[in-house]
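Q: Mind looking at a prediction? Sequence and model below.
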Amino acid sequence: MKSDSAEIIIELGDAAATEALGRDLGRAIKPGHVLALIGELGSGKTTLVRGLAAGMGLDPEQVHSPTFTMIQFYPGAPGLYHVDFYRLERPAELEQIGLDEALEGYDSACAVEWADKFPAQLPAGRLEIELCYSGQGRRALLSPTDSAHVLLCAAVKA
């Protein structure tokens, strides 16, 4: 269940603004946080994760779309799992790629691209980020579903 009162809409003029949003999230993210990224091809999901990694103190140059590997881990404190559901067709495939480990969250956060393909397989507590084209740029709708992610959202708002 989304917390509509905590939703934030952010206008993103270009890819640099999308990456900056990711950096802001990365500075506030904690182990156990899950970002559910939603948006069509080219809307900026991987760009946002690149910024997220930078904000977490990880090497953003290592971040590439995991469309073919489906899951990538970037070590750090906390580490970051980067998951892509794009090529998956059935929920049963999520176990094969190691989604459970990525979502454990003991010492890492997790960003899932194409999260709207299998929302029931994600934790109820997450920050949904919908990226879409808007005028000359993009728009991000941040929708936290629990109090931990409301705090993450508030850190970006500040």
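A: Cool, got the structure. The model shown is predicted, which means the values in this text are computed figures rather than measured ones.

Q: Now residue 59. Nearest residue, chain neighbours left out?
A: residue 53 (6.9 Å; Cβ to Cβ, 6 or more residues apart in numbering). For every residue, glycine as well, the C-beta is placed using N, CA and C.

Q: for this protein, which spans come out with low pLDDT?
A: Residue ranges of the chain with pLDDT under 70: 1-5, 158.

Q: Which of the helices or strands spans the residue nearest to residue 59?
A: helix 45-55 (DSSP states H and E).

Q: Now the element after that helix, going C-ward?
A: strand 71-74.

Q: helices or strands up against that following strand?
A: Here strand 71-74 touches strand 79-84, helix 99-104, going by 3 or more Cβ pairs under 8 Å, 6 or more residues apart in numbering; DSSP states H and E.

Q: host element of the residue nearest to residue 55 when sequence neighbours are not counted?
A: Nearest residue to residue 55, sequence neighbours excluded (Cβ to Cβ, 6+ apart): residue 26, at 2.1 Å. Element membership of residue 26, judged by DSSP H and E, is helix 15-28.

Q: Centre of the chain to that helix, how far?
A: Helix 15-28 sits 11 Å away from the centroid of its parent chain (Cα atoms, centre = their mean, to the nearest Å).

Q: please begin residue numbering at 7 from this point
A: Sounds good: first residue 7 from here, last item helix 21-34.

Q: What are the buried residues along the following helix or strand past it?
A: Next helix or strand after helix 21-34 toward the C-terminus (DSSP H and E): strand 40-44. Across strand 40-44, burial judged by 16 or more other Cβ atoms under 10 Å covers 40, 41, 42, 43, 44.

Q: Dump those residues to JSON lines, plus distance to residue 105.
A: Shown next, in JSON lines, are those (distance: Cβ to Cβ, whole Å):
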{"residue": "40", "distance to residue 105": "11"}
{"residue": "41", "distance to residue 105": "14"}
{"residue": "42", "distance to residue 105": "12"}
{"residue": "43", "distance to residue 105": "15"}
{"residue": "44", "distance to residue 105": "17"}
